[in-house]
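[1] Next come a sequence and a model predicted from it.
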Amino acid sequence: RSIDIFCAILLLIPSLGLFIFIALAIKLGDKGPLLYKTERLGQFNKPFTLYKFRTKNGADVGNDALHSVLVDTKVGTFLRKTRLDELPQLFNVLKGDLSFIGPRPEMPALTAVYAEKIQYYNTRHLIKPGLSGWPQIKNNDAPRGGVDIERTTVKLSYDLFYLKNRSLLLDLQITLQT
C-alpha cells in the first residue's frame, strides 16, 4: 500500500500539467463532462467509483453495460490510444480502491453475468484490482464492451495465473512492460 501511495503521488505531480491540457481538449471538443465516473467492483466485490477522463458519448452504467454502444469523442480516440484517459485513476490508487497491479475492475452488471457463467470468476476479487495486470500485457484480445464469455474466460486465466504467482518481482515485470 505504501508503494502505491508513494508512486501515485510521484506520478500525480508531473501529471497535473497534463490534466489542464486534457481538460481543455475535452471541453473544447464537445463541452460534455470532463470526467467519466462508473461503478466498478473491487476487492471482495466491494463497489467503488472509478474515475477516467471521458472519451466516449453514451451510457454503459447499470444493465446498459451488457449491451452498450459507445461513440468516441473527437479527443477520446487519442486519449484511449495513449492511455491518458486513465490518469484520474491515480486518485483511486490514493483512496485505496485500486493498486497499481492487479485484475482490472469490472462493472457490476458484467460481473454478475460472468460470475454465473464462468467458473472461479469471483476468485479475481480476492485481491485489490489494479491499473494494469497480467492480462493487459499478455492478452491482446480482451473483451471491449458488452458480454463476451469466451474472451473473458481467457482473460480470467491470466488473472488466475497472476493470483497464483503474485510477487513483487512479477509486479515489477508487469509495471515495466506496461
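    Here it is on my side, so go on.

[2] What's the first helix or strand after the longest helix belonging to the chain?
    Selection of the longest helix in the chain by residue count, based on DSSP state H, yields helix 2-30. Taking DSSP states H and E as the definition, the helix or strand that follows helix 2-30 towards the C-terminus is strand 35-41.

[3] Alpha carbons only: can I get that following strand in CSV?
    Listed in CSV are the C-alpha atoms of strand 35-41, where the atom choice follows Å, rounded to 0.1, in the frame of the first residue of the first chain:
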residue,chain,number,x,y,z
LEU,A,35,-14.7,13.0,-16.1
TYR,A,36,-16.3,9.7,-16.6
LYS,A,37,-17.4,8.1,-13.3
THR,A,38,-18.5,4.5,-13.2
GLU,A,39,-19.2,2.0,-10.6
ARG,A,40,-16.8,-1.0,-10.5
LEU,A,41,-16.3,-3.9,-8.2
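
[4] The residue positioned nearest the centre of the chain: which element?
    The centre of the chain sits closest to Arg104, judged by Cα atoms, centre = their mean, with a distance of 5.0 Å. In this structure, Arg104 is located outside every helix and strand according to DSSP H and E.

[5] what sits against it?
    Contact analysis of Arg104 by Cβ atoms under 8 Å, 6 or more residues apart in numbering lists 129-130, 132-133, 135-136. C-beta coordinates here come from the backbone N, C-alpha and C atoms, glycine included.

[6] Which of those residues fall within strands?
    Mapping the contacts of Arg104 onto strands (DSSP state E) picks out 130, 132.

[7] Of the contacts of Arg104, which is the nearest to Lys27?
    Nearest to Lys27 among the contacts of Arg104 is Ser132, at 28.0 Å by Cβ to Cβ.
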